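Undergrad: Quick one: sequence plus predicted model below, questions after.
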Amino acid sequence: MRNGSRRPARRPGRYVLVLAFLALAAGPARAEIDFSGSWASINHEDALERGAGPNPADWAGLPFNESGRAKALAFNQSVISEPERICWFQTQWHIAAGPFSLRMWAVPDPVTGRVQAWMVGAWETRAPMTIWMDGRPRPSANAPHDQTGFTTGVWNGNELVATTTHLKTGYMRRNGAASSDQATITTHFRRHGNLLTVTLFMDDPVYLTEPYILSRAYNLSNNPVPIGGPPCIVGDEGVESGRVPHYLPGDNPYVGEMTKRYGIPVDALMGGAETMYPEYRDRLKDTFKMPEPCKINCGT
């Protein structure tokens with residue numbers, strides 16, 4: 001160096017700070033959306049599912065295998081009148097299969113302030129849903145299962161994708177279409193202004209041959225949605241003591257009800273993956289019989 005001068009020593013810390021700033025400026029490869037707030041359910045969608053419940057023995061559009069169909073045919077609605085099942089929690093599938101609104105909020109990490117988890121408030125028939133966003137590992141397959149399950153979330157662009165495992169058995173449809181304890185639910189949360197769309201995919205190797213998809217929509221509401229809902233009270237609904245209501249194979253009395261009412265063939269009502277697709281209508285052309293005009297309770 002000239003005149004014996006020395007160049008100042010480099011400070012590695014300065015370059016580390018610059019690189020960190022550039023990384024922050026570039027932003028993470030995701031677009032986090034704020035889902036916080038109360039979301040009012042739009043219950044005219046699939047009104048039977050949201051309200052009184054679907055018709056008995058109507059499983060059209062469900063990708064049943066033989067085990068799923070047999071399980072559904074054995075279901076007797078009186079089973080939920082048993083004292084031990086009156087307040088029976090449903091799985092997280094009930095977010096879309098039930099009639100209730102949602103309330104969501106973020107839980108920050110106490111150190112970094114980043115979102116550690118998203119919470120979906122409980123209702124009287126469903127436990128709260130915790131969507132872990134901190135990358136924690138999934139429990140062992142042998143870990144306990146419950147109606148809450150274990151849920152982790154990731155961002156896919158501007159949608160939140162939540163994956164739920166470790167669930168107990170439950171129902172996909174309130175007329176006996178069951179889900180097993182091996183099921184996985186993948187839930188997509190998408191926000192479009194004041195509209196929230198929730199789409200669920202059910203993968204169940206025990207009862208289904210393909211994923212089953214169910215979608216719900218909600219409006220942002222200024223009225224706070226209660227967390228937990230009213231308490232469930234166990235009562236005596238007159239179910240015969242010591243007997244679990246059920247139907248033996250071939251004894252379900254509702255199998256032909258939808259055929260008489262709407263002319264839909266029994267084969268279509270028994271479900272199966274083929275009933276999910278529009279092409280299945282071609283198979284019904286020769287077997288469909290137009291029902292008689294409605295004479296009572298026909299609506300407007």
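TA: Ah, there it is.

Undergrad: Go through stretch 79-99 and flag the buried ones.
TA: Using 16 or more other C-beta atoms under 10 Å as the test for burial, stretch 79-99 gives 80, 82, 89-98. Yep, even glycine has a C-beta here, placed from its N, CA and C like the rest.

Undergrad: Now do the nearest residue to Tyr212 once chain neighbours are set aside against Gly170, distance only.
TA: Leaving aside its sequence neighbours, Tyr212 sits nearest to Met202 (C-beta to C-beta, 6 or more residues apart in numbering; 4.4 Å). Per C-beta to C-beta, to the nearest Å, Met202 is found 10 Å from Gly170.

Undergrad: Kindly report the same for Ala141.
TA: Counting by C-beta to C-beta, the gap from Ala141 to Gly170 is 18 Å.

Undergrad: try Asp267
TA: From Asp267 over to Gly170 (counting by C-beta to C-beta), the distance is 26 Å.

Undergrad: contacting residues for the closest residue to Lys289 other than its chain neighbours?
TA: Nearest residue to Lys289, sequence neighbours excluded (C-beta to C-beta, 6+ apart): Gly263, at 4.7 Å. Going by C-beta atoms under 8 Å, 6 or more residues apart in numbering, Gly263 touches 288-291.

Undergrad: more crowded one of Asp267 and Gly170?
TA: Just comparing Asp267 and Gly170: by other C-beta atoms under 10 Å the higher neighbour count belongs to Gly170, 23 against 16.

Undergrad: Surely the more buried one touches Gln182?
TA: No: in this structure Gly170 lies outside contact range of Gln182 using C-beta atoms under 8 Å: 11.9 Å.

Undergrad: low-confidence ranges in the chain?
TA: 1-31, 296-300 (pLDDT under 70).

Undergrad: those helices in it, which residues are they?
TA: Applying DSSP state H to the chain gives helices spanning 12-26, 47-50, 66-73, 94-97, 257-262, 266-269, 281-284.

Undergrad: quick one: the nearest residue to Tyr218 once chain neighbours are set aside from Leu214, how far?
TA: Using C-beta to C-beta, 6+ apart and skipping residues adjacent in sequence, the residue nearest Tyr218 is Trp39, 3.6 Å away. Going from Trp39 to Leu214 by C-beta to C-beta gives 16 Å.

Undergrad: what about the two, which has more around it?
TA: Trp39 (24 against 20).

Undergrad: ok now do the more buried one, which residues does it touch?
TA: Neighbouring residues of Trp39 by C-beta under 8 Å, 6+ apart: 101-104, 196, 218-221, 225.
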